[in-house]
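Visitor: Next one to model:
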Amino acid sequence: PPAPPRPRAGAGRADGAPALRARGLRCVRGGSAVLAGVDLTVPRSSMVALAGPSGSGKTTLLRALAGLQPLAGGSITIGDLAVEDLDRSASARMRRGPVAVVPQVAALVPGLSARENVELVLRIRGADPAGAAARAEAALEAVGLTEHAAQATDRMSGGERQRVAIACAIGDPPAVLLADEPTAHLDERNARRVAELLSGLARTAGTAVLCATHDETVTSVADAVVTLRDGRRVTGGGARAAP
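Guide: Presented below is the predicted three-dimensional model:
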């Protein structure tokens with residue numbers, strides 16, 4: 001697939017510190033532990049696949065890392081931010097800055113075109129109008145949606161909407177990208193395209209990419225695979241260090 005858009009200044013750290021580090025994460029729901037002491041490190045310029053059966057805690061872990069899920073214990077560091085200490089406003093600013101999230105269900109604005117949705121996200125993240133337009137075109141090309149750029153997203157298929165959501169995340173490459181089942185609604189060809197795009201984003205933009213997935217297409221191109229079961233990390237080593 002086409003190369004992802006160029007990185008924004010400061011997207012990756014040059015001091016060798018991991019982009020994301022989590023220690024002893026615990027989350028409780030309904031009196032039961034959903035995460036039970038999970039440790040995880042994702043270096044910059046690396047892609048880590050988060051595997052495990054449904055109900056193993058993958059989505060909860062991603063939400064916790066994004067500041068969307070309250071913790072019962074543990075710590076999360078993204079760059080210089082202690083995520084567990086952020087209030088709601090600061091957490092939202094983090095997701096408009098160093099962190100981008102691709103949820104299972106694409107959070108797009110109905111009635112806006114694919115291009116307008118991507119441009120809107122880029123404007124929120126601080127891009128000027130001209131820059132947002134150019135980056136939106138490049139991001140949509142990277143996910144194979146150039147011909148559908150003017151189409152309203154509420155008239156798109158689930159797979160097309162998923163690719164628009166990915167374009168929103170990569171238009172201004174973040175320091176950390178958290179993607180929840182990014183290929184779940186895609187056919188084999190587009191799943192391969194997206195998996196290679198995210199892997200390429202890690203290599204070329206310095207982004208630390210963490211993908212929750214059941215898809216071997218994603219795990220096959222990841223630098224490391226971490227497996228969860230019953231809210232615990234059961235397998236998987238650390239990703240390679242950044243060059």
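
Visitor: any idea which element T60 lies in?
Guide: Under the criterion of DSSP states H and E, T60 resides in helix 58-65.

Visitor: Check the average confidence over the helix or strand just after that helix, would you?
Guide: Stepping forward along the backbone from helix 58-65, the first helix or strand reached (DSSP H and E) is strand 73-78. Per-residue pLDDT values across strand 73-78 average out to 95.

Visitor: quick check: angle from strand 73-78 to helix 58-65?
Guide: Here strand 73-78 runs at 70 degrees with respect to helix 58-65, directions being taken by axes from the mean of the first three to the mean of the last three C-alpha atoms, to 10 degrees.

Visitor: tell me which strands and helices strand 73-78 is in contact with?
Guide: Helices and strands touching strand 73-78, as assessed by 3 or more C-beta pairs under 8 Å, 6 or more residues apart in numbering; DSSP states H and E, comprise strand 20-29, strand 32-42, helix 58-65. Where you see a C-beta, it was placed from the backbone N, CA and C, and this is true even at glycine.

Visitor: Redo these as a markdown table? Include mean pLDDT.
Guide: Listed next are those as a markdown table, based on pLDDT from 0 to 100:
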| stretch | mean pLDDT |
| --- | --- |
| strand 20-29 | 94 |
| strand 32-42 | 93 |
| helix 58-65 | 96 |
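
Visitor: and those, which is most packed in?
Guide: Mean neighbours per residue, mean count of other C-beta atoms under 10 Å, is largest over those for helix 58-65, with a mean of 23.

Visitor: Pull the distance from that helix to the chain's centre.
Guide: In terms of C-alpha atoms, centre = their mean, to the nearest Å, the centre of helix 58-65 is found 11 Å from the chain centre.

Visitor: Who are the packing partners of it?
Guide: In terms of contact count using 3+ C-beta pairs under 8 Å, 6+ apart, helix 58-65 is assigned the packing partners strand 20-29, strand 32-42, strand 47-51, strand 73-78, strand 176-180, strand 208-212.

Visitor: Switch these over to CSV; also include distance to E188.
Guide: Formatted as CSV, the entries for those read as follows, by distance: least, C-beta to C-beta, whole Å:
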stretch, distance to E188
strand 20-29, 29
strand 32-42, 27
strand 47-51, 17
strand 73-78, 33
strand 176-180, 18
strand 208-212, 17
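
Visitor: Indicate which one of the ones you listed is closest to A107.
Guide: When these are compared for distance to A107 using C-beta to C-beta, the nearest one is strand 176-180, at 11.3 Å.

Visitor: out of all of them, which helix in this protein is the longest?
Guide: In the chain, taking DSSP state H as the definition, the longest helix is helix 188-205.

Visitor: low-scoring stretches of the chain, by residue?
Guide: Flagging of the chain using pLDDT under 70 yields the residue ranges 1-16, 236-243.

Visitor: give me every residue that touches the residue nearest the centre of it.
Guide: The residue at the geometric middle of the chain, judged as the C-alpha nearest the mean C-alpha position with C-alpha atoms, centre = their mean, is L178 (2.4 Å). When contacts are counted by C-beta atoms under 8 Å, 6 or more residues apart in numbering, L178 is found next to L62, L65, A66, V99, A100, V101, V102, L210.
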